[in-house]
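Colleague: Take this sequence and fold it.
(one chain, ligands or ions: 2)
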Amino acid sequence: MMGSHNPESPFPKKLPDGRTVIDEICTCGCRRSHHWDSLAFGQGSCRQEDVPHCNCPKFTFKDFVFLGVT
Ligand SMILES: [Zn+2]
Ligand SMILES: [Zn+2]
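Modeller: Numbers count the residues shown, from 1 in each chain. Ligands and ions are numbered 1, 2, ... in the order given. Next comes the predicted model:
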């Protein structure tokens, strides 16, 4: 199981229109699943390991990531 160090994810989350949200994009360009602290999923600083120099301090919603859309 991925992200065992990350607090529980709220995704996938189904919208009223039928689409399924699997993640959210931050203004830094990384996903919400890359932002976390020890208490809350998607609330802390960016920990995207593929972007080690990302200094985003806090998740800020920019867009949804939908199931089946990459
Ligand atoms: Zn960010
Ligand atoms: Zn980032």
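Colleague: Give me the neighbour count for the closest residue to Cys26 other than its chain neighbours.
Modeller: Counting by C-beta to C-beta, 6 or more residues apart in numbering, Phe59 is the residue found nearest to Cys26 once chain neighbours are left out, at 5.0 Å. All C-beta spots, glycine's among them, are computed from the backbone N, C-alpha and C. Look at Phe59: counted by other C-beta atoms under 10 Å, it has 25 neighbours.
Colleague: cool, and Glu24?
Modeller: Count around Glu24 with other C-beta under 10 Å applied: 20.
Colleague: can the helix or strand hosting it be found next to ligand 2?
Modeller: Assigned by DSSP states H and E, Glu24 belongs to strand 20-26. No. On the criterion C-beta under 5 Å from the ion, strand 20-26 is out of touch with ligand 2, staying 6.1 Å away.
Colleague: Run through the neighbouring helices and strands of the helix or strand immediately after that strand in the chain.
Modeller: Under the assignment DSSP H and E, the closest C-terminal helix or strand after strand 20-26 is strand 35-36. On a contact count with 3 or more C-beta pairs under 8 Å, 6 or more residues apart in numbering; DSSP states H and E, strand 35-36 meets strand 41-46.
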